[in-house]
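Colleague: predicted model and sequence follow; I will ask about them next.
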Amino acid sequence: MLLINDNIAALGAENNLDATDNALSSVVGQLSSGLQIQTAADNPAGYSIAQSLQSEINGYGAAEGNAQTAVSVLQTAEGAMNQQEAILQQANTIATQAANTTTAQDTTAAAADNQEFQSLIAQLDQIASSTTYAGVSLLDGSNPTLTFQVGPTNATSDAVGVSFVATTSASLGVSGLNISTVAGATAAMASVQAAINTLASAAAAVGSSQNQIQALSNNVSVAQQNLTSAHADLVDVNVASATSQFTSLQILEQSGISVLAQAQQLPQLALKLI
């Protein structure tokens, strides 16, 4: 029907063109941002789920970082303990040597052995006082327990407490020893050997905690990867699909513009009948 006052065909073409233009703008936004959900209006339910997933991903990322820090802390402590273990082994050798009667009768040799022994014991204290991580002392007894948050929640299983044994000479029971006599050297042997066992147990506990945290870190890493994949499937744009849609909408928009231009000429055709 040809009308002069109302151009229904042109209005329909204009509405269709507006819809096409809005869809094209949306696709352009998706391709330029790489996201199919850019605001809550795009997909309210999907947006809510995506934010929840992102929160979990961030939590897992922080937890994994904490776990790696924890491993570094424990490696630092373990390395220092290994040095102290070597020192105690050497001290035990010297004490055993000094416990020999002929060695003790040689006052010069006995004094030299005792001097070396005292130097080794002092090294234990130097290592214990200087072993720190980010300013936190690990082996001097001032921080007996450190807690590491290695999971994304406040659940007890997501936090690991690690106890550290003080490894000073006094804590290990080897301070105040003197091996310049046979009796002193014999007593020192027993004390040093006990210290070796104590330190070995402490190092084993640290190593066990390190393995536990590393296992938790591996689980956190896998969980974060799976959540990231789910988040990407929900939020990230399918470039191939969006590009195809963009091409179709471009053609549709050009067609709509052409049809609208022609529809706007219909009233003039009606005038020719008058």
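Modeller: Sure, I can see it. Numbering: from 1, shown residues only.

Colleague: what segments of the chain are helices?
Modeller: Secondary structure of the chain (DSSP state H): helices at 8-33, 44-98, 101-105, 107-130, 169-172, 182-235, 239-263, 266-271.

Colleague: most tightly packed of these?
Modeller: helix 169-172 (a mean of 20; mean count of other C-beta atoms under 10 Å). For every residue, glycine as well, the C-beta is placed using N, CA and C.

Colleague: okay, now the domains of the chain?
Modeller: 8-36+238-271, 66-234 (automatic domain parsing).

Colleague: which residue is nearest the middle of the chain?
Modeller: In the chain, the centroid-proximal residue (C-alpha atoms, centre = their mean) is Gly65; its distance is 1.9 Å.

Colleague: thinking again about what came up before, tabulate the helices of the chain (TSV), appending mean pLDDT and distance to Thr147.
Modeller: Output for the helices of the chain, formatted as TSV (pLDDT from 0 to 100; distance: least, C-beta to C-beta, whole Å):
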stretch	mean pLDDT	distance to Thr147
helix 8-33	66	40
helix 44-98	91	9
helix 101-105	66	49
helix 107-130	93	21
helix 169-172	96	22
helix 182-235	91	11
helix 239-263	69	45
helix 266-271	60	78
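
Colleague: can you tell which of these is closest to Val160?
Modeller: Of all those, it is helix 182-235 that lies closest to Val160, at 5.7 Å by C-beta to C-beta.

Colleague: list the helices and strands that closest one packs on?
Modeller: Under the contact criterion of 3 or more C-beta pairs under 8 Å, 6 or more residues apart in numbering; DSSP states H and E, helix 182-235 touches helix 44-98, helix 101-105, strand 159-163, helix 169-172.

Colleague: tabulate the ones you listed (TSV), appending distance to Ala187.
Modeller: Shown next, in TSV, are those (distance: least, C-beta to C-beta, whole Å):
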stretch	distance to Ala187
helix 44-98	9
helix 101-105	13
strand 159-163	29
helix 169-172	15
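
Colleague: which one of the ones you listed lies closest to Ala204?
Modeller: helix 44-98 (9.7 Å).

Colleague: just the angle between that closest one and helix 182-235, please?
Modeller: If you take axes from the mean of the first three to the mean of the last three C-alpha atoms, to 10 degrees, helix 44-98 sits at 170 degrees to helix 182-235.

Colleague: tell me which other helices or strands helix 44-98 touches.
Modeller: By 3+ C-beta pairs under 8 Å, 6+ apart, helix 44-98 packs against helix 107-130, strand 132-133, strand 145-149, strand 159-163, helix 182-235.

Colleague: and the domains of the chain: which comes nearest Tyr47?
Modeller: domain 66-234 (9.3 Å).

Colleague: I figured Val73 was touching Asn143, is that so?
Modeller: No - taking contacts as C-beta atoms under 8 Å, Val73 lies outside contact range of Asn143: 10.3 Å.

Colleague: returning to what we had before: for Leu139, which of the helices and strands packed on helix 182-235 is the nearest?
Modeller: Of all the helices and strands packed on helix 182-235, helix 44-98 comes closest under C-beta to C-beta, at 6.0 Å.

Colleague: OK, contacts around Asp158?
Modeller: Ala63, Gln149, Val150, Gly151, Pro152 (C-beta atoms under 8 Å, 6 or more residues apart in numbering).
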